[in-house]
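Student: Sequence and predicted structure, then a few things I'm wondering about:
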Amino acid sequence: DWLSVDVDMDLPLREARDDFERAYLEAQLRHSRGSMTELARRAGMERTNLYRKLKMLGVKDTFQRDESDEH
């Protein structure tokens with residue numbers, strides 16, 4: 001299993017969920033090699049919602065891809 005997340009049971013649900021989503025999306029982003037289109041597909045999200053979620057969670061795209069070739 002390439003994704004394993006420890007859950008801090010002392011956290012409120014919202015914080016625990018945010019921690020999980022952050023770890024999940026960061027792992028999926030690495031697995032997708034920085035492709036936001038692929039990440040959105042894997043996560044089952046619309047790209048606009050994905051970008052909003054990544055910003056809210058503070059997830060940075062470390063791949064710095066030019067996505068103009070994805071359209």
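Tutor: Yes, it's here.
Student: Tell me which stretches of this protein form helices.
Tutor: If you assign secondary structure with DSSP state H, the helices in the chain sit at 13-31, 36-43, 47-57.
Student: Let me have these in TSV, extended by mean pLDDT and mean neighbour count.
Tutor: Bear in mind the C-beta positions are built from the backbone N, C-alpha and C, glycine included. Written out in TSV, the entries for the helices of the chain read as follows (pLDDT from 0 to 100; neighbours: other CB atoms under 10 Å):
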stretch	mean pLDDT	mean neighbour count
helix 13-31	93	15
helix 36-43	96	17
helix 47-57	96	14
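Student: Make TSV from the ones you listed and add distance to S4 to it.
Tutor: Listed next are those as TSV, based on distance: least, CB to CB, whole Å:
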stretch	distance to S4
helix 13-31	9
helix 36-43	17
helix 47-57	18
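Student: nearest to V7, of these?
Tutor: With CB to CB, the closest approach to V7 among those belongs to helix 13-31: 5.8 Å.
Student: tell me the angle of that closest one relative to helix 36-43?
Tutor: Inter-element angle recorded for helix 13-31 and helix 36-43: 130 degrees (by axes from the mean of the first three to the mean of the last three CA atoms, to 10 degrees).
Student: Export only the CA atoms of helix 13-31, formatted as PDB.
Tutor: Written as PDB, here are the backbone C-alpha positions of helix 13-31 (Å, rounded to 0.1, in the frame of the first residue of the first chain):
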ATOM      1  CA  LEU A  13     -13.000  15.600  13.000                       C
ATOM      2  CA  ARG A  14     -12.500  18.600  10.700                       C
ATOM      3  CA  GLU A  15      -8.700  18.800  11.400                       C
ATOM      4  CA  ALA A  16      -8.300  15.000  11.100                       C
ATOM      5  CA  ARG A  17     -10.200  15.100   7.800                       C
ATOM      6  CA  ASP A  18      -8.000  18.000   6.500                       C
ATOM      7  CA  ASP A  19      -4.900  16.100   7.500                       C
ATOM      8  CA  PHE A  20      -6.100  13.000   5.600                       C
ATOM      9  CA  GLU A  21      -7.100  14.900   2.500                       C
ATOM     10  CA  ARG A  22      -3.800  16.800   2.500                       C
ATOM     11  CA  ALA A  23      -1.800  13.500   2.700                       C
ATOM     12  CA  TYR A  24      -4.100  11.800   0.100                       C
ATOM     13  CA  LEU A  25      -3.800  14.700  -2.400                       C
ATOM     14  CA  GLU A  26      -0.100  15.100  -1.900                       C
ATOM     15  CA  ALA A  27       0.500  11.300  -2.500                       C
ATOM     16  CA  GLN A  28      -1.900  11.400  -5.500                       C
ATOM     17  CA  LEU A  29      -0.100  14.400  -6.900                       C
ATOM     18  CA  ARG A  30       3.300  12.600  -6.700                       C
ATOM     19  CA  HIS A  31       1.700   9.500  -8.200                       C
END
